[in-house]
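>>> how would this look folded up:
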Amino acid sequence: MTEHTDDGEERTEGVGGVLDAIEDAVAQARAMPMSSSVLVNRAELLELVDQVREALPSQLHRADEVLADADAARAAAHAEAEAVVARARARAAELVEQESVVTAARERAAQILADAQETAQSLRRDADDYCDRRLADFEIDLGKVLSQVQAGRAKLAGRLAPGEDG
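Sure, this is the predicted structure:
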């Protein structure tokens, strides 16, 4: 893109435009006979070089701004990524801790259940042994009562037998 200044000179905008103008000046320059050299307008090329020098600081400043913005964005993304990783690690540790707590609780519950079953079985054996002893004692008592009943009946039967006087 070119613009005209107050003194009638053409001015090209931006470094790219000025370089294009330099390229055009060299490409359109008159060739020297029997040489690869060309004749160029010194004033025109020097003016174009000045324009490049004027344009470069603003172009470099814009490039620096873009790089700074890119660096800031990269730093922010890196910080966010680190925060996400830290949160993920904390959550993973929490889940592992919960899993170990759950595993320990299950193991403890299984042990309590096994102990309770063993205790219940022991109590059943003790209760059965107690009942068996009580029934044995009752059987002995009943045997004695049965013997007394039989003896009483035999005595009674002896009195009721014919031929005996009462």
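
>>> avg pLDDT for the longest helix along the chain?
What stands out as the longest helix in the chain, according to DSSP state H, is helix 42-160. Across helix 42-160, pLDDT averages out at 90.

>>> which residues sit in contact with Thr40?
Slight slip there: residue 40 is Val, not Thr. 25-26, 29 (Cβ atoms under 8 Å, 6 or more residues apart in numbering). Any C-beta I mention is one placed from the backbone N, CA and C, and that applies to glycine too.

>>> mind checking how far it is from Glu23?
Val40 sits 11 Å away from Glu23, going by Cβ to Cβ, to the nearest Å.

>>> Likewise for Gln121?
102 Å.

>>> Then Gln117?
Applying Cβ to Cβ to Gln117 and Glu23 gives a distance of 96 Å.

>>> do the same with Leu46
Counting by Cβ to Cβ, the gap from Leu46 to Glu23 is 16 Å.

>>> do the same with Glu44
13 Å.

>>> just Ile140 next, same as before
From Ile140 to Glu23 the distance is 130 Å (Cβ to Cβ).

>>> Span of stretch 25-43 from start to end?
For stretch 25-43, the first-to-last residue distance is 11 Å (Cα to Cα, to the nearest Å).

>>> what's the spacing between that stretch and its chain's center?
In terms of Cα atoms, centre = their mean, to the nearest Å, the centre of stretch 25-43 is found 69 Å from the chain centre.

>>> How about stretch 91-98?
8 Å.

>>> how about the CA coordinates for it, as CSV?
Output of stretch 91-98 as CSV, limited to C-alpha atoms (Å, rounded to 0.1, in the frame of the first residue of the first chain):
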residue,chain,number,x,y,z
ARG,A,91,-8.4,-36.1,44.2
ALA,A,92,-6.5,-39.3,43.3
ALA,A,93,-4.9,-39.3,46.7
GLU,A,94,-8.3,-38.7,48.3
LEU,A,95,-9.8,-41.6,46.4
VAL,A,96,-6.9,-43.9,47.2
GLU,A,97,-7.3,-42.9,50.9
GLN,A,98,-11.0,-43.6,50.7
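
>>> All set now, cheers.
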